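Q: I need the structure of the sequence given here:
(2 chains, ligands or ions: 2)
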Amino acid sequence: MEFIFPASFSIDAFLQRLTRAWPFQEKTETTGRRTCFDSFDWRLYARGYTLGIDSSGRETWLILRQEGGTETRRRLPGPTPPRFAWDLPEGDLRTILSPILELRALLPVVEIQYRRWHLKWLNKDRKTVLRLEVEQNLAVAGDDGPHPLPGRVRILPVKGYRKAEKRIGRFLGNEPELSPAGEREWLTRALAALGRRPLDYSSKFSLRLKPGMRSDLAARSILRHLLATMKTNEPGLRADIDSEFLHDFRVAVRRTRTALSQFKKAFPAPAGERFGVEFAWLGRVTGEARDLDVFLLNFEHYKASLPPAMRNDLAPFHGFLQKHRKQAHERLLHALDSDRYRNLMADWDAFLNQPLPDHPDASHALLPIERLARRRIRRVYRGILRKGRAITPESPAEALHDLRKQCKKLRYLLEFFQSLFPQEQIKGLIRILKRLQDNLGEFQDTEVQQRRLREFSREMIREGDAGADTLLAMGVLIQNLEHRRNQARKAFARCFARFDNRKHRKRFKTLFAKPRPEEEENT
Amino acid sequence: MKILALYSIKGGVGKTAAAVNLARLAAGDGAPTLLWDMDPQGSTSYYCRIKPKLKGGGKKLIGGQCASGDLIKGTDHERLDLLPADFSLRHLDLLLDRGKKPVRQLRKVLKPLAAEYQYVFLDCPPNISLLSECVIEITDAILSPIIPTTLSLRTLDQLTGFIADHHQGGLDVLPFFSMVDRRKKLHREILTTLPERCPGLLRTPIPYASDIERMGIERAPVCDYAPRSRSARAYRMLWDEIKERI
Ligand SMILES: Nc1ncnc2c1ncn2[C@@H]1O[C@H](COP(=O)(O)OP(=O)(O)O)[C@@H](O)[C@H]1O
Ligand SMILES: [Mg+2]
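A: Ligands and ions are numbered 1, 2, ... in the order given. The predicted model follows:
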């Protein structure tokens, strides 16, 4: 059982009350530091976990707690925190954290200094029947010096001695300033005291729109939201904390481009065009680093696809990727430091924040967003059906690539407008669409990766990085990719037919039908 | 969950002392650990300051009428719990009725604990009995203290023979030297010669030390009251070695 008390709580008086009322016979005091960690997108917090590194004296522990439940801990050889799940020592902690964190790095969320009183209640054999910890917390860094945070009381029950636990629990429950709450709640309050909120970032697009909003206003809030996403990810991308900052940044750029073209008629034309060109540029200059990230992230997978005897031949390729990844990241930083980028961000921000005209020229500016949403989704959906149905086994690859683009557009539209429609239904449609996207993605990605592998091998020869064995191994990779590409091409007809079945068509149709005139009047 | 049994055909060789100290170290490493005192004499329970008594006696535990989780008691150490001994356990052999698939009965006691504990240490009574046959079948490793005398070498041979008879391999048999007195010539000799003959032997010897004898007075593991002593260091090294071997 755990309790939280406010930073202003008088611990001395509390300890006196406690030891006067109960036979605590041993009291020790420790001080130390605890840093709580989470990924940038709060994956641990979202799942009810808290992860901390606790150092006191020469001991450093990595401690994972689950809300209302178990604690898993591991001694660390030193105070350096693990950055990724794969840096953790093998064992329970890694098994639990790997599937949650995936590619995301652990970042310090709050760093505290604590003073902890350990109390023991002993029975007549001097056997411990209950342990209690009282903890006073101080946030370490802060602009205005250390910042007092809420403290905690934890009952550490000893199995088989329920009576003591119950009695102390009741006593603490009657303390007016203690409120029963676990570590996750404590973290929430500690963050609040520091002016932060957990779950303040998610890579999922979520924005509430009102159905009757003017389209130019709604489009602007979508685009502002995306701009905020870019800005939020920029520092982590620059610092190269993990690959997902760049990924999320690029997704925001792509969504912005889709929004610009889909809501063309809600904005003055010249503005839309200019920003369209600029965001296309931003997509290009961030592409190279992402490409290399993808190769590095897939590397183990590639390696495993080789015959065992060839796997080590791939090592020089890994070195090559890392070297080029580093250079690409430097070029990316260069682009982000350029006037072009700075101007784009400043102008875009200004554009999205200028007052909306009462009588806009753009033809769709005043349309209620719900109507525009339905119209755009209908249009793109119909295009997908038309284009997909025209694809035969003989169609060129470009036809599938084009279809993939349309699917992506539809996906973004569904995500932009999900708040306007019943959530479960939108989710279902996204799932259906995603299956088709996965097939088209596999088909195109395996093609692009083959092309990149050929380019890489030529570059490696030029740079003297590759021997015959490495090139041979890369050749096998190309062959494996070609095999996957063929499989995906073969599977397309089946995947598309599944997407284009009557049941799904009906769902799309009913959800995004043109509103009947009487409905329209209500909006 | 790893089950480690402290077992020897002989009594008074340091099984209980090792069980308590090793379990304490495991818990100190952060692993939830259970000590099961299977010896009706209850020395392990005594060292943990816990009465050697099971509610309803051993019969309910083995018979399954009482969940093992309800009989477990926390010790003075975080993450270290004890399943106490009970005088009725002197009949454990009889409780483990041959007709009723005794191995399955023991497994049933341990099964619900698998999610909670990373290590279970079984402190076994000496001798060869139905209980020891069962223990050999359910454990992942046998830790067996050897006092370096000619007689205990014979005991070691008997042990390996016994295990060979009752286990089809996959069991780690890890003997270690216990109560080693380096002033004795025989001890020194056996310490150097035995490792060749017995490849599974752990390298860290536990010295004969008054610090260890004092456990009976302190009622605590050595590392708690004499953390810097030679004995505490020896148990530490032994435990590190065991972790690598299992
Ligand atoms: N390494 C040692 N040095 C000195 N005395 C020891 C040592 N190990 C055990 N003893 C003592 O010897 C006696 C028997 O030890 P114990 O661990 O109970 O053996 P077992 O469990 O094998 O019967 C106990 O009194 C104990 O304190
Ligand atoms: Mg014993």
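Q: hey, let's count contacts and neighbours off CA atoms from now on
A: OK.
Q: all strands in chain A, in order from the N-terminus.
A: All strands of chain A, identified by DSSP state E, fall at A:2-5, A:24-38, A:49-56, A:59-66, A:71-75, A:107-122, A:128-139, A:147-157, A:179-180.
Q: Just put the ones you listed in a markdown table and tack on mean neighbour count, mean pLDDT and distance to ligand 1.
A: Shown next, in a markdown table, are the strands of chain A (neighbours: other CA atoms under 10 Å in any protein chain shown; pLDDT from 0 to 100; distance: least, CA to the nearest ligand atom, whole Å):
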| stretch | mean neighbour count | mean pLDDT | distance to ligand 1 |
| --- | --- | --- | --- |
| strand A:2-5 | 22 | 96 | 39 |
| strand A:24-38 | 17 | 93 | 27 |
| strand A:49-56 | 21 | 96 | 32 |
| strand A:59-66 | 19 | 94 | 28 |
| strand A:71-75 | 18 | 92 | 28 |
| strand A:107-122 | 20 | 95 | 24 |
| strand A:128-139 | 22 | 96 | 22 |
| strand A:147-157 | 21 | 95 | 29 |
| strand A:179-180 | 17 | 96 | 44 |
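Q: Please produce JSON lines containing those strands, extended by distance to A:R505.
A: Output for the strands of chain A, formatted as JSON lines (distance: least, CA to CA, whole Å):
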{"stretch": "strand A:2-5", "distance to A:R505": "53"}
{"stretch": "strand A:24-38", "distance to A:R505": "42"}
{"stretch": "strand A:49-56", "distance to A:R505": "41"}
{"stretch": "strand A:59-66", "distance to A:R505": "43"}
{"stretch": "strand A:71-75", "distance to A:R505": "49"}
{"stretch": "strand A:107-122", "distance to A:R505": "44"}
{"stretch": "strand A:128-139", "distance to A:R505": "55"}
{"stretch": "strand A:147-157", "distance to A:R505": "55"}
{"stretch": "strand A:179-180", "distance to A:R505": "51"}
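Q: how about the nearest residue to residue 50, chain neighbours excluded?
A: All of this refers to chain A. Nearest non-adjacent residue to A:T50, counting by CA to CA, 6 or more residues apart in numbering or on different chains: A:R65, 5.3 Å away.
Q: That was the other one, I meant chain B.
A: Nearest to B:I50 is B:P84, by CA to CA, 6+ apart, at 7.2 Å.
Q: from what I can see the one you found touches B:P40, true?
A: No. Using CA atoms under 8 Å, B:P84 is not in contact with B:P40; the gap is 9.3 Å.
Q: of these two, who's got more company?
A: Per other CA atoms under 10 Å in any protein chain shown, whichever of B:P84 and B:P40 has more neighbours is B:P84, with 26 against 22.
Q: what ranges of the chain fall below the confidence cut-off?
A: In the absence of a named chain, chain A is used. Along chain A, the model assigns pLDDT under 70 to residues A:142-144, A:515-523.
Q: actually it's chain B I care about, not the one you picked
A: In chain B (pLDDT under 70), the answer is B:93-95, B:97-99.
Q: Scan chain A for its longest helix.
A: Looking across chain A with DSSP state H, the single longest helix is helix A:423-462.
Q: Could I get the buried residue list for that one?
A: Within helix A:423-462, the residues scored as buried using 16 or more other CA atoms under 10 Å in any protein chain shown are A:426, A:429-430, A:432-434, A:436-437, A:439-447, A:449-450, A:452-453, A:456-457, A:460.
Q: by contact count, what packs against that helix?
A: helix A:397-416, helix A:468-499 (3 or more CA pairs under 8 Å, 6 or more residues apart in numbering or on different chains; DSSP states H and E).
Q: wait, which of those is closest to chain B?
A: helix A:468-499 (36.3 Å; CA to the nearest CA).
Q: gap between the closest one and the chain center?
A: Put simply, helix A:468-499 sits 29 Å off its chain's centre (CA atoms, centre = their mean, to the nearest Å).
Q: for ligand 1, what are the nearby residues on chain B?
A: Neighbours of ligand 1 within chain B, by CA under 6 Å from any ligand atom: B:11-17, B:178-179, B:206-210, B:212-213.
Q: Any of those buried? List them.
A: Neighbour-count burial (16+ other CA under 10 Å) applied to those gives B:V13, B:G14, B:K15, B:T16, B:A17, B:S178, B:M179, B:I206, B:P207, B:Y208, B:I212.
Q: I figured A:G283 was touching A:A252, is that so?
A: No. Using CA under 8 Å, A:G283 makes no contact with A:A252, being 9.7 Å away.
Q: Looking only at neighbour counts, state which of those two leads.
A: Using other CA under 10 Å as the criterion, A:G283 and A:A252 rank with A:A252 on top: 24 against 18.
Q: which residues touch the more buried one?
A: Neighbouring residues of A:A252 by CA atoms under 8 Å, 6 or more residues apart in numbering or on different chains: A:L226, A:L227, A:T229, A:M230.
Q: again, but for B:K60
A: Counting by CA under 8 Å, 6+ apart, B:K60 has contacts B:C66.
Q: Helix or strand: which one has B:D70?
A: For B:D70, the host element (DSSP states H and E) is helix B:68-71.
Q: quick one: which of the contacts of A:A252 is nearest chain B?
A: For the contacts of A:A252, the nearest to chain B is A:T229 (39.9 Å; CA to the nearest CA).
Q: and the gap between the closest one and B:D37?
A: Using CA to CA, to the nearest Å, we find A:T229 at a distance of 59 Å from B:D37.
Q: quick one, what contacts the most centrally placed residue in chain B?
A: Geometric centre of chain B, nearest residue: B:L6, 2.5 Å, by CA atoms, centre = their mean. Contact analysis of B:L6 by CA under 8 Å, 6+ apart lists B:K15, B:T16, B:A18, B:A19, B:F121, B:L122, B:D123, B:C124, B:I142, B:L143, B:S144, B:P145.
Q: Apply 10 Å and report the result again.
A: Going by CA atoms under 10 Å, 6 or more residues apart in numbering or on different chains, B:L6 touches B:14-19, B:121-126, B:135, B:141-145, B:174-175.
Q: Which ones, among the residues you listed, also lie beside chain A?
A: Checking these against chain A by CA under 10 Å from any CA of the partner chain, not one of them is in range.
Q: With adjacent residues omitted, what lies nearest to residue 122?
A: No chain was given, so I picked chain A. A:T128 (4.4 Å).
Q: ah, no, chain B please
A: B:A5 (4.5 Å).
Q: before we move on, back to that, quickly run through the sheet partners of the following helix or strand past the helix holding B:D70, with directions.
A: Downstream of helix B:68-71, the first helix or strand assigned by DSSP H and E is strand B:73-74. Its sheet considered, strand B:73-74 pairs with strand B:80-83 (antiparallel) by DSSP bridges.
Q: And the partner strand, how far out from the chain middle?
A: Offset of strand B:80-83 from its chain centre (CA atoms, centre = their mean): 13 Å.
Q: For the stretch 101-250 of chain A, which segments count as helices?
A: With helices called from DSSP state H, counting those that start in this stretch, the stretch 101-250 of chain A shows them at A:162-173, A:183-193, A:215-239, A:243-262.
Q: Likewise for chain B?
A: B:15-28, B:43-47, B:57-63, B:68-71, B:92-95, B:102-110, B:130-138, B:150-166, B:185-197, B:210-213, B:215-218, B:222-225, B:230-245.
Q: Relative to the centre of chain B, find the outermost residue for me.
A: Chain B, farthest from centre, CA atoms, centre = their mean: B:K185 at 28.3 Å.
Q: ok, that one to B:G12 distance?
A: Distance of B:K185 to B:G12, computed by CA to CA: 21 Å.
Q: what residues are up against the residue farthest from the centre of chain B?
A: Going by CA under 10 Å, 6+ apart, B:K185 touches B:L191.
Q: make it 6 Å
A: Taking CA atoms under 6 Å, 6 or more residues apart in numbering or on different chains, we find B:K185 in contact with no residue.
Q: With that, I have no additional questions.
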